[in-house]
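Enquirer: missing the sequence, but the structure's below:
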Ligand SMILES: CC(=O)N[C@H](C=O)[C@@H](O)[C@H](O)[C@H](O)CO
Ligand SMILES: CC(=O)C(=O)O
């Protein structure tokens, strides 16, 4: 497809996107039965209608290729007619695995795919990373492709704007970037570049979202929208209505909650247990090397979240 054709037929990814947790049984096997109720919870209780599956929050890199396929398929199947977009993260250390997951995502009707940089052998420059993303996209040429920039996890410090430069010539299906870094200059460069190609920039550091909105990002992908979607939607509305006092007050209060959580140790294992406490869904433990979270710790964080929600 030509670039103009693609951009006409693609639904732009905007607004809040929940980075989903992967439900596991107490024995540590994937638990597909939770995904249907999980979708209803996001839509009915959080007003969140798009999801990002098998990413950082979903422990995608800790799952087998087969497990990732089953999880992605369940989100697409149960989300049909309910969710606006299901974006599947397909990044792996092996490009072959990523290609297989990309092909699979296309076959189940995913609305988009995303890749992180490989992080054991790292791309030495932006060219190498662009090539990697391109080779994955050729396995699913009709599925919108997003680059998932998360230097804090991958250790790949290439500027995202450098990765985007010229990428439209290599990847006709390219549609934007999920930016989970904190370099606002690089983010701003990405916003300009994506704006000119009608792509989306989704921000991924939830506690800093307001700063990114000021720079013009089109939406946000994050773990906390699983349980704070309603409140952050209020912040987005306040921002859209130029109510700086209200959007700032909400972001500052949100920062206080995340700081409280971080001081107790806030990794994906803790976060997952917090979601179980707030939502009532039974998401189970994380997978090693992440450790299960003591229930008392998750309850203390969940209480802060509930208090925050009740105040608004
Ligand atoms: C490293 C990580 O998990 N980042 C998530 C997405 O990129 C965020 O949604 C964070 O969980 C969130 O901003 C809380 O710190
Ligand atoms: C936040 C996010 O996008 C992820 O967990 O992958």
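Expert: Perfect, thanks for sending it. The shown structure was predicted, so the numbers you read here are calculated from the model rather than taken from an experiment. Residues are numbered from 1 along each chain as shown. Ligands and ions are numbered 1, 2, ... in the order given.

Enquirer: Residue numbers of this structure in contact with ligand 1?
Expert: 19, 56-57, 150, 153, 180, 204-207, 222-224, 258 (CB under 6 Å from any ligand atom). To be clear about C-beta, it is placed using only N, CA and C from the backbone, and glycine gets the same treatment.

Enquirer: Among the residues you listed, which ones are in helices?
Expert: Counted as lying in helices by DSSP state H, out of those, are 153, 258.

Enquirer: Now do the helices in this protein.
Expert: 3-9, 35-46, 65-79, 95-107, 126-137, 151-154, 160-164, 167-170, 184-197, 209-215, 225-240, 244-264, 268-279, 295-311.

Enquirer: Show me the one of those that comes nearest ligand 2.
Expert: Closest approach to ligand 2 among these (CB to the nearest ligand atom): helix 268-279, 7.8 Å.

Enquirer: Who are the packing partners of that closest one?
Expert: helix 35-46, helix 225-240, helix 244-264, helix 295-311 (3 or more CB pairs under 8 Å, 6 or more residues apart in numbering; DSSP states H and E).

Enquirer: Could you see whether ligand 2 lies near that helix?
Expert: No: in terms of CB under 6 Å from any ligand atom, no part of helix 268-279 sits within range of ligand 2; the closest distance is 7.8 Å.

Enquirer: again, but for stretch 44-60
Expert: Yes: Stretch 44-60 reaches ligand 2 (CB under 6 Å from any ligand atom) through 52, 55, 56, 57.

Enquirer: out of those residues, who has the most neighbours?
Expert: With neighbours defined as other CB atoms under 10 Å, the most crowded of those is residue 52; it has 31 neighbours.

Enquirer: Isn't it up against residue 220?
Expert: No: using CB atoms under 8 Å, residue 52 is not in contact with residue 220, being 10.2 Å away.

Enquirer: before we move on, the earlier item: please flag which of the residues of the chain next to ligand 1 sit within strands.
Expert: Residues from these lying in strands, with DSSP state E as the criterion: 19, 222.
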